[in-house]
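**Q** model the following, please.
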Amino acid sequence: MGARVRAHSLVITLVLIAMTFTLVDQLAGRFSAAHPPAATTPVGAGTSSPSQSTGATASPLPTPVPNGRARVVYAAGDLADCPGAGPAVADLIRDPESLILALGDIVHPSGAPHEYRRCFDPGWGDLKPRTRPVPGNHDYRTGGAGYFAYFGALAGKPSQGYYSFDLGWWHIIAINSNCGPIGGCREASPQIRWLAADLAAHPTACTLAYWHHPRFSSGNGAALPRTESLWQVLYAAGADVILNGHDHDYERFAPQSPAGQRDSVRGIREFVVGTGGANLTRRLRTAHNSEVWTSDHHGVLELTLRRGRYDWRFLAAETSEVIDLGTDRCH
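**A** This next block holds a predicted model:
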């Protein structure tokens with residue numbers, strides 16, 4: 001008799017427990033329906049650059065980590081051509097928190113100290129604290145003294161002219177393609193050894209490098225194979241974007257290998273942006289993997305660097321038009 005009573009009590013207890021769980025589940029469902037979770041909006045989602053069909057695959061913007069956000073950089077080379085005032089390219093730089101990547105040949109024709117004061121300062125001087133320069137061949141025509149004196153610590157050590165920094169989710173590398181004064185650009189040169197070590201120490205998901213002389217070009221200055229070693233080190237490390245000047249035009253390439261083979265998996269996308277103010281020049285040929293080329297406009301390349309991806313727009317100084325735009329993912 002006692003055993004039957006205990007079994008009956010156990011059954012009643014189990015039923016009451018089941019009814020309790022059912023009630024809790026129902027109440028939770030009603031609360032969820034009345035109070036749906038807040039949507040997470042990625043930083044910069046409302047201001048992302050429009051995309052076009054360029055072989056890149058569009059995808060939803062990722063949600064940034066805490067304290068992270070998209071960062072904007074503007075890039076152009078061949079900036080101030082003395083003694084002319086040149087177009088108002090600097091007026092296109094409107095984001096007050098952006099950095100300016102100056103892609104060499106900051107002044108023309110000789111890189112003398114007075115040219116930076118007389119020719120660069122009037123249009124670009126207010127942006128100097130936000131400028132991260134690399135030297136071009138014109139900056140070295142007087143030995144580079146004017147360039148390094150004008151920019152000081154912003155230009156790196158005068159014996160090197162290369163440096164790197166982190167910006168949001170990206171690692172940015174400034175390289176000196178004037179190889180002679182710094183011990184060369186080939187394998188085992190001081191800069192190549194530094195570059196390999198720098199990349200190993202900064203294994204970020206997205207990497208951008210910039211210097212003056214392009215590895216690939218359709219323009220008047222043509223391609224310069226001496227920078228292939230730089231490409232090889234960057235390619236092996238999974239870099240994503242390379243920016244150059246030197247040719248006074250704008251050109252965008254498909255992602256490619258150091259040998260110039262199209263590579264949609266590990267290839268690096270190169271932009272040539274020699275449109276900062278010097279006289280524009282003509283195209284000599286159409287290079288392999290060239291997707292866009294123009295020398296009709298001075299202007300700047302605007303890059304929005306996001307987590308895992310980047311957007312680009314080329315802005316024309318004469319008309320404020322967007323001449324080229326797109327988006328792509330990092331490797």
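**Q** use CA for all of it now, contacts and neighbours both
**A** Noted.
**Q** surely Leu284 touches Ser218?
**A** Yes: if you go by CA atoms under 8 Å, Leu284 and Ser218 touch, sitting 6.1 Å apart.
**Q** out of these two, which sits in the busier spot?
**A** In this view Leu284 and Ser218 are compared by other CA atoms under 10 Å, and Ser218 has more residues nearby, 21 against 12.
**Q** mind checking how far the more buried one is from Trp124?
**A** Distance of Ser218 to Trp124, given as CA to CA, to the nearest Å: 28 Å.
**Q** so the closest residue in space to Gly123 that isn't next to it in sequence, which state does it fall into?
**A** Leaving out its chain neighbours, the residue that sits closest to Gly123 by CA to CA, 6 or more residues apart in numbering is Ala90, at 6.4 Å. Here Ala90 is recorded as helix under DSSP: H, G, I helix; E, B strand; the rest coil.
**Q** tell me if I'm right that Ala90 and Trp124 touch.
**A** Yes: using CA under 8 Å, Ala90 is in contact with Trp124, at 6.1 Å.
**Q** more crowded one of those two?
**A** When Ala90 and Trp124 are compared for neighbours, Ala90 comes out ahead with 21 against 18, by other CA under 10 Å.
**Q** what pLDDT does that one get?
**A** Looking at Ala90, its pLDDT reads 92.
**Q** with the one 4 residues further on instead?
**A** Among the per-residue scores, Arg94 shows a pLDDT of 86.
**Q** show me the helices in the stretch 201-331 of the chain, by range?
**A** All helices of the stretch 201-331 of the chain, identified by DSSP state H, counting those that start in this stretch, fall at 228-236.
**Q** shaky segments in it?
**A** For the stretch 201-331 of the chain, the stretches with pLDDT under 70 are 221-222.
**Q** make it 80
**A** 220-224 (pLDDT under 80).
**Q** and Tyr116, how far is that from His288?
**A** According to CA to CA, Tyr116 stands 36 Å off from His288.
**Q** element containing Ile192, please.
**A** For Ile192, the host element (DSSP states H and E) is helix 190-201.
**Q** and that helix, what does it pack against?
**A** Where contact means 3 or more CA pairs under 8 Å, 6 or more residues apart in numbering; DSSP states H and E, helix 190-201 is packed against helix 228-236.
**Q** who touches the helix it packs on?
**A** Identification of contacts with helix 228-236 by CA atoms under 8 Å, 6 or more residues apart in numbering yields 185-187, 192, 195-196, 199, 215, 257-259, 266-268.
**Q** just the buried ones from those residues?
**A** Burial by neighbour count, 16 or more other CA atoms under 10 Å: within the contacts of helix 228-236 this picks out 185-186, 192, 195, 199, 215, 257-258, 266-268.
**Q** for Ala102, state which of the residues you listed is nearest.
**A** Nearest to Ala102 among those, counting by CA to CA, is Arg215 at 17.5 Å.
**Q** gap between the closest one and Gly299?
**A** Counting by CA to CA - Arg215 and Gly299 are separated by 21 Å.
**Q** same thing with Ser164?
**A** The spacing between Ser164 and Gly299, counted by CA to CA, is 25 Å.
**Q** so which of those two has more stuff around it?
**A** Neighbours per residue, other CA under 10 Å: of Ser164 and Gly299, the larger number sits with Gly299, 36 against 18.
**Q** what's the local residue count around Pro129?
**A** Pro129: 11 neighbours (other CA under 10 Å).
**Q** list phi and psi for it.
**A** The phi and psi values for Pro129, taken as degrees, to the nearest 10, are phi -60, psi -20.
**Q** confidence score at it?
**A** Per-residue pLDDT puts Pro129 at 96.
**Q** more neighbours, Tyr116 and His288?
**A** Under the neighbour definition other CA under 10 Å, Tyr116 and His288 were set side by side, and Tyr116 has more, 24 against 15.
**Q** so who does the more buried one touch?
**A** Contacts of Tyr116 by CA under 8 Å, 6+ apart are 106-107, 146-147, 150.
**Q** next: Gly146.
**A** By CA under 8 Å, 6+ apart, Gly146 lies in contact with 111-114, 116, 139.
**Q** A helix includes it, no?
**A** Yes: assessed with three-state DSSP, Gly146 lies in a helix.
**Q** look up how far Gly184 lies from it.
**A** According to CA to CA, Gly146 and Gly184 sit 21 Å apart.
**Q** check Trp293 too.
**A** 30 Å.
**Q** what pairs with the most centrally placed residue in the chain across the strands?
**A** The chain has Leu208 as the residue nearest its centroid, 5.0 Å off, counting by CA atoms, centre = their mean. Beta bridges link Leu208 to Ile172, Val241 when assigned by DSSP bridges.
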